[in-house]
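Peer 1: model this:
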Amino acid sequence: MEMNKIKVSERLIWAVVTFCLVAVVFFVSTEKVKAISTDGEKYLQILHEVVSYIENDYVDPQEEKKIYTGAILGALQSLGDPHTRFLDTDEFGELQNETKGSFGGIGVEISFQENAFIIVAPIEGTPAWKAGLQPQDKIIEINGKSTKSVSLSESIGMMRGEVGSSISMKIERKGIKDPFVVNLVRELIQIRYVRSHYLPETETGYIKLVQFMGKETTAKEFANAVTSMKEAGAKKLVIDLRMNPGGLLDLAIDLADMFLPPESDIVSVKGRGGVLVKSYKADKKEKKFLEIPIAILVNGGSASASEILAGALKDNKRAVVVGTQSFGKGSVQSIFPLSGGTAVAITIQKYYTPSGISIHGKGITPDYVVNPIAASEDEKYALEKLYKKNLIRPFLETHTEYNEAALNDFSAILKKENLNISDSVTRIFLFNEMRAGSSHSKPRLDLDTQLAEAIRILK
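Peer 2: As a prediction, the model looks like this:
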């Protein structure tokens, strides 16, 4: 039996609900399904015998499709790889249609891990970002329906909808005792991938890369931003990849190429048994930035292409990496069509940094570990009380700009409620709550300890 073997970028294997994102699909020659071993034949016979007993003797009648699908899922889950998975007819169809049209959405990318939908990163400026969703948040309900009984295609369908329509999600977050509900309004996700600011007080160029998408325009805009900031007086550069879930491999390679001498290793791809499939090196492009010192900011929401860029510049001693451990998504999947309109996604390759380190499951370790300002458990509990008393929303409706006056009014609420929260945490919390209207504003060093430290390190 002949089958087309379709390689797709890792973005299509994850549940991509940032909507409007373009997937990259690779095609290779067909090959026949390989024969299984003698032991395999033996266990297939055992499986058929078990199914026979279930169908004929189990106390409650069972659907045959359910039994065999469960066996398939069990086989794939035994690999311990969340990206190797079975695609039913609906899911396979959804995957094939992913690039068609625009959708109203919430702007969050999720990964299916351990039978749960885990947030990789919210996309800055989108409803998910404005609502404060974070990497590693677990989605346990969508519109009141438990995700335990929801397939991937169903979950994508539930998250998509008309612009202006509402969606409710229940979230579990590490460090918070009780799940909480977030209510979002879908928007047409139109992302500005590159934002740059020159910080004259520190002679620093700052580039925030939201995603590795829009290959041709993004690379050009990125290079133009570096050039213009250097002309303005920038003597060092900070590339912010925090909350960047990745995207196109080619774009990560193009951006790394801008900062590396010709023939420098960028990333390698290895397949079964560690066999080298392909390696990528910097070429002889005319427009390069080989002298300016660089710091790269990463956190738990930095994944995939973000980790490739950070790893390439780090291993080549071209940049220092600052922040916290990245997500650890560095693998390539192939979609193998199966009978009945189904398919299976199999991890076939992994990415390795120039020093030979696998990104997958590990992530990039910063040269300088710098944690952001974070609330203590008592402070988190105090903030939860404000939400439960419905004191946050009315405050935000009457205070639309972050300033000292708003901070003083918010501090008065804390005092009235007899809640103790440090000044630094209060400032960060209030700024983040108000950031819906300031997602494109100039970064603030007084509120961003990781950025401030990155700039200090580059001195």
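
Peer 1: Please make it C-alpha for all contacts and neighbour counts, starting now.
Peer 2: Will do.

Peer 1: so what's Asn4 scoring on pLDDT?
Peer 2: Looking at Asn4, its pLDDT is 39.

Peer 1: Show me what the longest strand belonging to the chain is packed against.
Peer 2: With secondary structure taken from DSSP state E, the chain has its longest strand at strand 343-352. Packing partners of strand 343-352 (3 or more C-alpha pairs under 8 Å, 6 or more residues apart in numbering; DSSP states H and E): strand 85-87, strand 265-270, strand 331-337.

Peer 1: And the shortest one, what's buried?
Peer 2: Right, strand 85-87. Across strand 85-87, burial judged by 16 or more other C-alpha atoms under 10 Å covers 85-87.

Peer 1: just stretch 400-407 next, same as before
Peer 2: Neighbour counts over stretch 400-407 (16+ other C-alpha under 10 Å) mark 401-402, 406-407 as buried.

Peer 1: Report the distance from the longest strand of the chain to the chain centre.
Peer 2: Relative to its parent chain, strand 343-352 has a centroid offset of 18 Å by C-alpha atoms, centre = their mean, to the nearest Å.

Peer 1: end to end, how far does stretch 424-443 reach?
Peer 2: Counting by C-alpha to C-alpha, to the nearest Å, you get 16 Å between the two ends of stretch 424-443.

Peer 1: One more: stretch 75-89?
Peer 2: Per C-alpha to C-alpha, stretch 75-89 runs 19 Å from first to last residue.

Peer 1: how about the helices in the chain?
Peer 2: 10-13, 38-57, 64-77, 89-96, 127-130, 152-159, 215-232, 249-258, 305-315, 377-388, 392-398, 404-416, 423-433, 449-457 (DSSP state H).

Peer 1: Quick one: the ones you listed as JSON lines, columns for distance to Phe336 and mean pLDDT too.
Peer 2: Shown next, in JSON lines, are the helices of the chain (distance: least, C-alpha to C-alpha, whole Å; pLDDT from 0 to 100):
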{"stretch": "helix 10-13", "distance to Phe336": "12", "mean pLDDT": "36"}
{"stretch": "helix 38-57", "distance to Phe336": "20", "mean pLDDT": "91"}
{"stretch": "helix 64-77", "distance to Phe336": "14", "mean pLDDT": "90"}
{"stretch": "helix 89-96", "distance to Phe336": "10", "mean pLDDT": "69"}
{"stretch": "helix 127-130", "distance to Phe336": "32", "mean pLDDT": "85"}
{"stretch": "helix 152-159", "distance to Phe336": "17", "mean pLDDT": "70"}
{"stretch": "helix 215-232", "distance to Phe336": "27", "mean pLDDT": "93"}
{"stretch": "helix 249-258", "distance to Phe336": "21", "mean pLDDT": "94"}
{"stretch": "helix 305-315", "distance to Phe336": "24", "mean pLDDT": "97"}
{"stretch": "helix 377-388", "distance to Phe336": "46", "mean pLDDT": "85"}
{"stretch": "helix 392-398", "distance to Phe336": "48", "mean pLDDT": "85"}
{"stretch": "helix 404-416", "distance to Phe336": "55", "mean pLDDT": "93"}
{"stretch": "helix 423-433", "distance to Phe336": "43", "mean pLDDT": "86"}
{"stretch": "helix 449-457", "distance to Phe336": "43", "mean pLDDT": "96"}
